[in-house]
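>>> Sequence plus the predicted model coming up.
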Amino acid sequence: MINSILTGPEFSLLEKALDGSSFRQKLIAANIANVDTPGYKSLDYSFSDQLKEAMKNPGQSIKLSSTNPRHLQITSPEQRLGRITVQDSRLRNDGNSVDIDREMAKLSENELYYEAISRCINDEFRLLRSVIQGRG
Amino acid sequence: MGWLNSGIDICASGLTAQRLRMDVIASNLANASTTCTQNGGPYRRQIVIIEARQNPRDFKSLLQDEVAAFSGVRVKEIRTDNSPLRKVYEPSHPDADEEGYVSYPNVNVVAEMTDMISASRSYEANLTALNSLKRMASKAIELGR
């Protein structure tokens, strides 16, 4: 019973959002570290579309398309939604495409997103706790 | 703790690279008028070459959809700038040549100062990213409290 509560669709969805957000933060940190590297291309990670898709049919895992049923499927718990995009434009003469202002804005935006999601998870736990204790 | 380590490691690599850049700029500025070094001849300007650090592309990381190019930055080499030296006519200087010219280092102090500001700002940006990752990690620790 308690297991099914803790592995319900809302928890798994929030977990995925948290996971995607922390991965995105890592990419942004890598972009900032490479702000002076000639030829470096800025990376980003978008997962909101896939998150919406996962919200529509919760509990269903995303499958890789394959031409043979015996092909390997990624079934590890670390499986990620979303995909990495490369900004292939040239911002400066040295071929680097990192826009530091955008990266810093994305950094704080993504941090706030992470905090919002973690607050949602905490609220879910608080709901469970008040149900268990039987008082509001 | 892999997720935390790798993120902080990326920021730390940026901090290290920018600090090294700062050290080399400081050395260039300190030696802006050094006409005699241990190797003989005047000091020559040093340049830091940085490159994106590559992840080892093993099967596991490919399977987990890790992109090779996002594990921070590293210093490739410190190169000597071989552009021509600055010649100043000072016949009384001990390092003057037969015609009375002294070769001064090819260090442009104004360019070094702007480079220094750039390195300092990049260092701050990396530090901001590091603090942000740290705050996120402490939020993760607080989950369910």
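Yes, it's here.

>>> Residue A:118 is in contact with residue A:19, isn't it?
No: in this structure, residue A:118 is not within contact of residue A:19 by Cβ atoms under 8 Å, at 11.7 Å. Heads up, the C-betas are built off the backbone N, CA and C, glycines and all.

>>> Would you mind giving both backbone torsions of residue B:50?
phi -110, psi 150 (degrees, to the nearest 10).

>>> how far away is the most centrally placed residue in chain B from chain A?
Centrality entry for chain B: nearest residue to the mean C-alpha point is residue B:21, 2.4 Å, by Cα atoms, centre = their mean. Residue B:21 sits 8 Å away from chain A, going by Cβ to the nearest Cβ, to the nearest Å.

>>> now swap in residue B:46 and tell me
Residue B:46 sits 16 Å away from chain A, going by Cβ to the nearest Cβ.

>>> Which secondary structure state does residue B:113 sit in?
helix (DSSP: H, G, I helix; E, B strand; the rest coil).

>>> check contacts around it.
Residues in contact with residue B:113 (Cβ atoms under 8 Å, 6 or more residues apart in numbering or on different chains) are residue B:29.

>>> coming back round to it: in a helix, the residue nearest to the centre of chain B, correct?
Yes: using three-state DSSP, the secondary structure at residue B:21 is a helix.

>>> Isn't it up against residue B:119?
Yes: using Cβ under 8 Å, residue B:21 is in contact with residue B:119, at 4.4 Å.

>>> returning to what we had before: and for residue A:118 and residue A:19, which residues touch both?
Counting by Cβ under 8 Å, 6+ apart, residue A:118 and residue A:19 have no shared contacts at all.

>>> And for the nearest residue to residue B:22 once chain neighbours are set aside, the neighbour number?
Closest residue in space to residue B:22, ignoring its immediate chain neighbours: residue B:119 at 4.9 Å, by Cβ to Cβ, 6 or more residues apart in numbering or on different chains. Around residue B:119 there are 22 other residues, counting by other Cβ atoms under 10 Å in any protein chain shown.

>>> So residue B:119 versus residue B:10, what's the distance?
18 Å (Cβ to Cβ, to the nearest Å).

>>> Give me every residue in chain B that's in contact range of chain A.
With Cβ under 8 Å from any Cβ of the partner chain as the criterion, chain B meets chain A at residues B:3, B:6-7, B:10-11, B:13-14, B:17-18, B:21, B:50-52, B:63-65, B:67, B:69-73, B:118-119, B:122, B:125-126, B:128-130, B:132-133, B:135-136, B:139-140, B:142-145.

>>> elements contacting the helix or strand that contains residue A:109?
Using DSSP states H and E, residue A:109 sits in helix A:100-133. Judged by 3 or more Cβ pairs under 8 Å, 6 or more residues apart in numbering or on different chains; DSSP states H and E, helix A:100-133 is in contact with helix A:9-33, helix B:109-141.

>>> So for that helix, what gets flagged as buried?
Using 16 or more other Cβ atoms under 10 Å in any protein chain shown as the test for burial, helix A:100-133 gives A:100, A:103-104, A:106-107, A:110-111, A:113-114, A:117-118, A:121, A:124.

>>> again, but for stretch B:106-125
B:106, B:107, B:112, B:115, B:116, B:119, B:122, B:123, B:125.
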